[in-house]
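Q: Please find the sequence and the predicted model below.
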Amino acid sequence: MDAVALSLPALIAIIAVALAFDFINGLHDAANSIATVVSTRVLPPKLAVAWAAFFNFIAFLFFGLHVAKTVGTGIVQPSVIDPHVILAALIGAIAWNLFTWWLGLPSSSSHALIGGIAGAGLAKAGTSAIVASGFIKTTVAIFLSPTIGLVLALTLFISASWLLRHATPFLVDRRFRQLQLVSASLYSLGHGGNDAQKTMGIIAVLLYSQGMLGGEFHVPFWVVISAQAAMGLGTLMGGWRIVRTMGSRITDLKPYQGFCAETAGAATLFGATWLGIPVSTTHTITGAIVGVGMARRASAVRWGMTANIVWAWIITIPAAGSISWLSYALIRWSL
(Lines give C-alpha, C1' and ligand atoms only; values in the text may rest on other atoms or scores of the structure.)
Protein backbone atom coordinates (compact mmCIF):
# COMPACT_ATOMS: atom_id res chain seq x y z
CA MET A 1 0.00 0.00 0.00
CA ASP A 2 1.33 3.46 -0.82
CA ALA A 3 2.67 5.59 1.98
CA VAL A 4 0.23 8.11 3.41
CA ALA A 5 1.55 11.68 3.23
CA LEU A 6 0.06 14.11 5.73
CA SER A 7 -0.39 17.84 5.60
CA LEU A 8 1.20 19.72 8.49
CA PRO A 9 -2.17 20.42 10.22
CA ALA A 10 -3.11 16.72 10.00
CA LEU A 11 0.28 15.69 11.40
CA ILE A 12 -0.09 18.13 14.29
CA ALA A 13 -3.61 16.81 14.96
CA ILE A 14 -2.43 13.20 15.26
CA ILE A 15 0.46 14.24 17.52
CA ALA A 16 -2.12 16.06 19.66
CA VAL A 17 -4.17 12.84 19.90
CA ALA A 18 -1.03 10.95 20.95
CA LEU A 19 -0.33 13.51 23.68
CA ALA A 20 -3.99 13.26 24.73
CA PHE A 21 -3.44 9.53 25.19
CA ASP A 22 -0.38 10.33 27.30
CA PHE A 23 -2.46 12.74 29.40
CA ILE A 24 -5.16 10.09 29.89
CA ASN A 25 -2.42 7.58 30.73
CA GLY A 26 -1.29 9.89 33.53
CA LEU A 27 -4.90 10.43 34.65
CA HIS A 28 -5.64 6.70 34.51
CA ASP A 29 -2.38 5.58 36.13
CA ALA A 30 -2.07 8.34 38.73
CA ALA A 31 -3.51 5.81 41.15
CA ASN A 32 -0.54 3.52 40.62
CA SER A 33 1.84 6.20 41.86
CA ILE A 34 -0.16 7.60 44.75
CA ALA A 35 -2.66 4.96 45.93
CA THR A 36 -0.46 3.56 48.69
CA VAL A 37 0.82 6.93 49.93
CA VAL A 38 -2.76 8.27 50.07
CA SER A 39 -4.32 5.17 51.62
CA THR A 40 -1.68 5.17 54.40
CA ARG A 41 -2.38 8.92 54.93
CA VAL A 42 1.28 9.84 54.52
CA LEU A 43 0.24 12.59 52.09
CA PRO A 44 -3.13 14.21 51.40
CA PRO A 45 -4.45 13.47 47.89
CA LYS A 46 -3.71 16.86 46.28
CA LEU A 47 -0.15 16.98 47.55
CA ALA A 48 0.36 13.34 46.58
CA VAL A 49 -0.58 13.91 42.94
CA ALA A 50 1.66 17.00 42.75
CA TRP A 51 4.51 14.94 44.21
CA ALA A 52 3.94 12.12 41.71
CA ALA A 53 3.53 14.51 38.75
CA PHE A 54 6.89 16.17 39.46
CA PHE A 55 8.75 12.87 39.47
CA ASN A 56 6.81 11.70 36.41
CA PHE A 57 8.06 14.73 34.52
CA ILE A 58 11.74 14.51 35.45
CA ALA A 59 11.98 10.78 34.69
CA PHE A 60 13.61 11.45 31.28
CA LEU A 61 16.73 12.63 33.14
CA PHE A 62 17.31 9.13 34.53
CA PHE A 63 16.44 6.67 31.77
CA GLY A 64 17.39 5.99 28.17
CA LEU A 65 14.78 5.65 25.43
CA HIS A 66 14.82 1.86 25.00
CA VAL A 67 11.09 1.47 25.67
CA ALA A 68 10.26 4.16 23.07
CA LYS A 69 12.26 2.20 20.49
CA THR A 70 10.45 -1.03 21.34
CA VAL A 71 7.03 0.60 20.96
CA GLY A 72 8.03 2.47 17.80
CA THR A 73 9.68 -0.39 15.93
CA GLY A 74 9.31 -3.61 17.95
CA ILE A 75 5.56 -4.37 17.96
CA VAL A 76 4.54 -3.73 14.34
CA GLN A 77 6.89 -3.59 11.37
CA PRO A 78 7.91 0.07 10.80
CA SER A 79 7.17 -0.32 7.08
CA VAL A 80 3.52 -1.06 7.93
CA ILE A 81 3.03 1.94 10.18
CA ASP A 82 1.43 5.00 8.66
CA PRO A 83 -0.74 7.82 10.05
CA HIS A 84 -3.93 5.77 9.67
CA VAL A 85 -2.43 2.92 11.72
CA ILE A 86 -1.25 5.36 14.40
CA LEU A 87 -4.62 7.12 14.60
CA ALA A 88 -6.55 3.84 14.81
CA ALA A 89 -4.16 2.54 17.50
CA LEU A 90 -4.66 5.68 19.60
CA ILE A 91 -8.44 5.53 19.23
CA GLY A 92 -8.45 1.92 20.45
CA ALA A 93 -6.17 2.66 23.41
CA ILE A 94 -7.96 5.84 24.48
CA ALA A 95 -11.43 4.28 24.20
CA TRP A 96 -10.43 1.31 26.34
CA ASN A 97 -8.65 3.50 28.89
CA LEU A 98 -11.67 5.77 29.33
CA PHE A 99 -14.02 2.80 29.60
CA THR A 100 -11.99 1.10 32.35
CA TRP A 101 -11.37 4.44 34.11
CA TRP A 102 -15.14 5.00 34.20
CA LEU A 103 -15.58 1.52 35.73
CA GLY A 104 -12.80 2.21 38.24
CA LEU A 105 -10.75 -0.77 37.01
CA PRO A 106 -6.96 -0.35 36.95
CA SER A 107 -6.33 -1.86 33.52
CA SER A 108 -3.07 -1.25 31.71
CA SER A 109 -2.70 1.88 29.58
CA SER A 110 0.52 0.36 28.27
CA HIS A 111 -1.09 -2.80 27.03
CA ALA A 112 -4.08 -0.89 25.68
CA LEU A 113 -1.59 0.95 23.44
CA ILE A 114 0.23 -2.27 22.50
CA GLY A 115 -3.10 -3.88 21.65
CA GLY A 116 -4.10 -0.80 19.67
CA ILE A 117 -0.92 -0.85 17.59
CA ALA A 118 -1.20 -4.58 16.98
CA GLY A 119 -4.88 -4.41 16.04
CA ALA A 120 -4.38 -1.57 13.56
CA GLY A 121 -1.32 -3.31 12.08
CA LEU A 122 -3.32 -6.52 11.63
CA ALA A 123 -6.13 -4.59 9.96
CA LYS A 124 -3.71 -3.14 7.44
CA ALA A 125 -1.34 -5.98 6.64
CA GLY A 126 -2.43 -9.15 8.43
CA THR A 127 -0.23 -11.26 10.68
CA SER A 128 2.92 -10.34 8.74
CA ALA A 129 2.67 -6.87 10.31
CA ILE A 130 3.51 -8.14 13.80
CA VAL A 131 7.09 -8.24 15.07
CA ALA A 132 6.80 -11.55 16.88
CA SER A 133 9.79 -11.13 19.21
CA GLY A 134 8.70 -7.71 20.50
CA PHE A 135 5.04 -8.65 20.84
CA ILE A 136 5.86 -11.89 22.69
CA LYS A 137 8.31 -10.09 25.00
CA THR A 138 5.64 -7.56 25.90
CA THR A 139 2.96 -10.21 26.39
CA VAL A 140 5.21 -12.30 28.65
CA ALA A 141 5.81 -9.17 30.74
CA ILE A 142 2.06 -9.07 31.48
CA PHE A 143 2.59 -12.10 33.70
CA LEU A 144 6.16 -11.50 34.84
CA SER A 145 5.88 -7.89 36.04
CA PRO A 146 3.16 -8.47 38.69
CA THR A 147 4.83 -11.72 39.73
CA ILE A 148 8.19 -10.02 40.22
CA GLY A 149 6.50 -7.15 42.06
CA LEU A 150 4.68 -9.63 44.32
CA VAL A 151 7.81 -11.64 45.16
CA LEU A 152 9.94 -8.54 45.81
CA ALA A 153 7.25 -6.95 48.00
CA LEU A 154 6.74 -10.19 49.93
CA THR A 155 10.51 -10.50 50.48
CA LEU A 156 10.87 -6.87 51.57
CA PHE A 157 7.93 -7.14 53.95
CA ILE A 158 9.21 -10.30 55.62
CA SER A 159 12.74 -8.86 55.89
CA ALA A 160 11.51 -5.56 57.34
CA SER A 161 9.24 -7.36 59.80
CA TRP A 162 12.15 -9.46 61.06
CA LEU A 163 14.55 -6.50 61.34
CA LEU A 164 11.97 -4.41 63.20
CA ARG A 165 10.55 -7.17 65.38
CA HIS A 166 11.66 -5.39 68.59
CA ALA A 167 10.67 -1.86 67.52
CA THR A 168 7.56 -0.18 68.87
CA PRO A 169 4.62 0.29 66.49
CA PHE A 170 4.85 4.06 66.98
CA LEU A 171 8.52 4.15 65.91
CA VAL A 172 7.90 1.90 62.90
CA ASP A 173 4.98 4.02 61.76
CA ARG A 174 6.92 7.30 62.08
CA ARG A 175 10.04 6.04 60.29
CA PHE A 176 8.16 4.47 57.43
CA ARG A 177 6.00 7.53 56.90
CA GLN A 178 9.24 9.35 56.08
CA LEU A 179 10.62 6.48 54.00
CA GLN A 180 7.39 6.19 52.04
CA LEU A 181 8.02 9.63 50.55
CA VAL A 182 11.22 8.19 49.07
CA SER A 183 9.56 5.02 47.80
CA ALA A 184 6.68 7.00 46.26
CA SER A 185 9.21 9.23 44.49
CA LEU A 186 11.07 6.21 43.10
CA TYR A 187 7.85 4.59 41.93
CA SER A 188 6.74 7.79 40.18
CA LEU A 189 10.14 7.98 38.47
CA GLY A 190 9.69 4.42 37.23
CA HIS A 191 6.14 5.18 36.10
CA GLY A 192 7.19 8.27 34.15
CA GLY A 193 10.26 6.53 32.76
CA ASN A 194 8.38 3.54 31.35
CA ASP A 195 4.93 4.87 30.46
CA ALA A 196 5.76 8.23 28.87
CA GLN A 197 8.18 6.50 26.50
CA LYS A 198 5.31 4.62 24.87
CA THR A 199 3.85 7.87 23.56
CA MET A 200 7.33 9.03 22.55
CA GLY A 201 7.67 5.90 20.44
CA ILE A 202 4.29 6.47 18.78
CA ILE A 203 5.06 10.08 17.86
CA ALA A 204 8.59 9.23 16.71
CA VAL A 205 7.45 6.42 14.40
CA LEU A 206 4.76 8.75 12.99
CA LEU A 207 7.45 11.31 12.17
CA TYR A 208 9.62 8.52 10.75
CA SER A 209 6.78 7.39 8.46
CA GLN A 210 6.64 10.94 7.08
CA GLY A 211 10.38 11.05 6.39
CA MET A 212 10.95 13.71 9.06
CA LEU A 213 13.65 11.88 11.04
CA GLY A 214 16.13 11.36 8.24
CA GLY A 215 17.12 7.78 7.51
CA GLU A 216 17.30 6.51 11.08
CA PHE A 217 14.64 6.11 13.76
CA HIS A 218 15.23 8.27 16.84
CA VAL A 219 13.21 10.29 19.34
CA PRO A 220 13.63 14.09 19.06
CA PHE A 221 14.11 15.95 22.34
CA TRP A 222 10.94 18.02 21.88
CA VAL A 223 8.98 14.75 21.70
CA VAL A 224 10.56 13.59 24.96
CA ILE A 225 9.65 16.81 26.79
CA SER A 226 6.13 16.93 25.35
CA ALA A 227 5.36 13.35 26.37
CA GLN A 228 6.74 13.76 29.90
CA ALA A 229 4.79 17.01 30.37
CA ALA A 230 1.52 15.48 29.13
CA MET A 231 1.88 12.52 31.49
CA GLY A 232 2.80 14.73 34.43
CA LEU A 233 -0.23 16.95 33.79
CA GLY A 234 -2.52 13.92 33.60
CA THR A 235 -1.15 12.63 36.90
CA LEU A 236 -1.70 16.07 38.42
CA MET A 237 -5.39 15.81 37.52
CA GLY A 238 -5.60 12.53 39.46
CA GLY A 239 -7.63 9.36 38.97
CA TRP A 240 -9.67 9.09 42.14
CA ARG A 241 -11.88 6.20 41.11
CA ILE A 242 -8.86 3.94 40.68
CA VAL A 243 -7.06 5.32 43.75
CA ARG A 244 -9.85 3.87 45.86
CA THR A 245 -9.57 0.46 44.18
CA MET A 246 -5.78 0.28 44.42
CA GLY A 247 -5.45 1.86 47.84
CA SER A 248 -8.09 0.08 49.87
CA ARG A 249 -10.11 -2.50 47.97
CA ILE A 250 -7.24 -4.96 47.44
CA THR A 251 -5.90 -4.90 51.00
CA ASP A 252 -5.57 -2.44 53.90
CA LEU A 253 -2.13 -0.84 54.05
CA LYS A 254 0.05 0.68 56.76
CA PRO A 255 3.07 2.93 55.98
CA TYR A 256 5.70 0.19 56.16
CA GLN A 257 3.56 -2.03 53.92
CA GLY A 258 3.12 0.84 51.46
CA PHE A 259 6.89 1.37 51.49
CA CYS A 260 7.53 -2.30 50.67
CA ALA A 261 4.96 -2.29 47.84
CA GLU A 262 6.25 0.93 46.26
CA THR A 263 9.91 -0.06 46.53
CA ALA A 264 9.24 -3.46 44.97
CA GLY A 265 7.21 -1.84 42.20
CA ALA A 266 9.89 0.78 41.54
CA ALA A 267 12.65 -1.86 41.32
CA THR A 268 10.59 -3.85 38.79
CA LEU A 269 9.89 -0.77 36.66
CA PHE A 270 13.51 0.40 36.73
CA GLY A 271 14.72 -2.99 35.50
CA ALA A 272 12.09 -3.23 32.75
CA THR A 273 12.76 0.32 31.53
CA TRP A 274 16.50 -0.25 31.29
CA LEU A 275 15.82 -3.47 29.36
CA GLY A 276 13.44 -1.67 26.98
CA ILE A 277 10.38 -3.70 27.99
CA PRO A 278 7.07 -1.77 28.02
CA VAL A 279 5.55 -3.23 31.17
CA SER A 280 2.40 -2.13 32.93
CA THR A 281 2.74 0.06 36.01
CA THR A 282 -0.76 -1.10 36.96
CA HIS A 283 0.19 -4.77 36.88
CA THR A 284 3.39 -4.11 38.77
CA ILE A 285 1.96 -2.17 41.72
CA THR A 286 -1.04 -4.48 42.00
CA GLY A 287 1.25 -7.49 42.27
CA ALA A 288 3.30 -5.67 44.92
CA ILE A 289 0.19 -4.71 46.95
CA VAL A 290 -1.05 -8.31 46.81
CA GLY A 291 2.42 -9.41 47.96
CA VAL A 292 2.37 -7.33 51.16
CA GLY A 293 -1.20 -8.44 51.83
CA MET A 294 -0.25 -12.12 51.45
CA ALA A 295 2.71 -11.62 53.80
CA ARG A 296 0.27 -10.99 56.63
CA ARG A 297 -2.18 -13.73 55.69
CA ALA A 298 -3.93 -14.86 52.52
CA SER A 299 -7.30 -13.69 53.82
CA ALA A 300 -5.96 -10.10 54.05
CA VAL A 301 -6.22 -9.88 50.27
CA ARG A 302 -9.64 -9.23 48.78
CA TRP A 303 -9.38 -11.88 46.10
CA GLY A 304 -12.69 -11.05 44.44
CA MET A 305 -11.54 -7.53 43.57
CA THR A 306 -8.12 -8.86 42.58
CA ALA A 307 -9.76 -11.35 40.21
CA ASN A 308 -11.74 -8.54 38.54
CA ILE A 309 -8.50 -6.63 38.01
CA VAL A 310 -6.78 -9.69 36.51
CA TRP A 311 -9.66 -10.21 34.08
CA ALA A 312 -9.31 -6.57 33.01
CA TRP A 313 -5.62 -7.24 32.32
CA ILE A 314 -6.33 -10.35 30.27
CA ILE A 315 -8.85 -8.72 27.96
CA THR A 316 -7.07 -5.36 27.55
CA ILE A 317 -4.88 -6.25 24.54
CA PRO A 318 -7.62 -8.03 22.55
CA ALA A 319 -10.25 -5.42 23.49
CA ALA A 320 -8.13 -2.41 22.55
CA GLY A 321 -6.89 -4.30 19.49
CA SER A 322 -10.45 -4.99 18.33
CA ILE A 323 -11.43 -1.34 18.71
CA SER A 324 -8.35 -0.20 16.77
CA TRP A 325 -8.95 -2.83 14.07
CA LEU A 326 -12.47 -1.53 13.57
CA SER A 327 -11.24 2.08 13.73
CA TYR A 328 -8.68 1.42 11.00
CA ALA A 329 -11.33 -0.18 8.81
CA LEU A 330 -13.65 2.83 9.30
CA ILE A 331 -10.83 5.31 8.59
CA ARG A 332 -9.92 3.51 5.34
CA TRP A 333 -13.59 3.23 4.34
CA SER A 334 -14.23 6.92 4.98
CA LEU A 335 -11.28 7.85 2.79
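A: Arrived safely, thanks for sending. Numbers count the residues shown, from 1 in each chain.
Q: element containing Ile277?
A: Assessed by DSSP states H and E, Ile277 sits outside every helix and strand.
Q: ignore the last one, Gln197
A: helix 169-209.
Q: residues contacting Ser110?
A: Asn194, Asp195, Lys198, Pro278, Val279, Ser280, Thr281, Thr282 (C-beta atoms under 8 Å, 6 or more residues apart in numbering). Quick note: C-beta positions are derived from backbone N, CA and C, even for glycine.
Q: Please identify the nearest residue in space to Leu207, excluding sequence neighbours.
A: Leaving aside its chain neighbours, Leu207 sits nearest to Leu213 (5.2 Å; criterion: C-beta to C-beta, 6 or more residues apart in numbering).
Q: which residues in the chain form helices?
A: Listed from the start of the chain, the chain has helices (DSSP state H) covering 8-39, 45-57, 66-73, 83-103, 109-125, 132-163, 169-209, 221-237, 240-244, 255-275, 281-296, 303-334.
Q: what would those look like in JSON lines with mean pLDDT?
A: Shown next, in JSON lines, are the helices of the chain (pLDDT from 0 to 100):
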{"stretch": "helix 8-39", "mean pLDDT": "81"}
{"stretch": "helix 45-57", "mean pLDDT": "83"}
{"stretch": "helix 66-73", "mean pLDDT": "89"}
{"stretch": "helix 83-103", "mean pLDDT": "89"}
{"stretch": "helix 109-125", "mean pLDDT": "91"}
{"stretch": "helix 132-163", "mean pLDDT": "88"}
{"stretch": "helix 169-209", "mean pLDDT": "88"}
{"stretch": "helix 221-237", "mean pLDDT": "90"}
{"stretch": "helix 240-244", "mean pLDDT": "54"}
{"stretch": "helix 255-275", "mean pLDDT": "90"}
{"stretch": "helix 281-296", "mean pLDDT": "80"}
{"stretch": "helix 303-334", "mean pLDDT": "84"}
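Q: May I have the phi/psi pair for Val279?
A: phi -90, psi 170 (degrees, to the nearest 10).
Q: Which phi and psi values does the closest residue to Leu11 other than its chain neighbours adopt?
A: Distance criterion C-beta to C-beta, 6+ apart; nearest residue to Leu11, sequence neighbours excluded, is Gln210 at 6.5 Å. Per-residue torsions, Gln210: phi -100, psi 10 (degrees, to the nearest 10).
Q: Any figure for the gap between Gln210 and Leu189?
A: 32 Å (C-beta to C-beta, to the nearest Å).
Q: So for these two, which sits in the more crowded spot?
A: More neighbours surround Leu189 than the other of Gln210 and Leu189, with 24 against 16 (other C-beta atoms under 10 Å).
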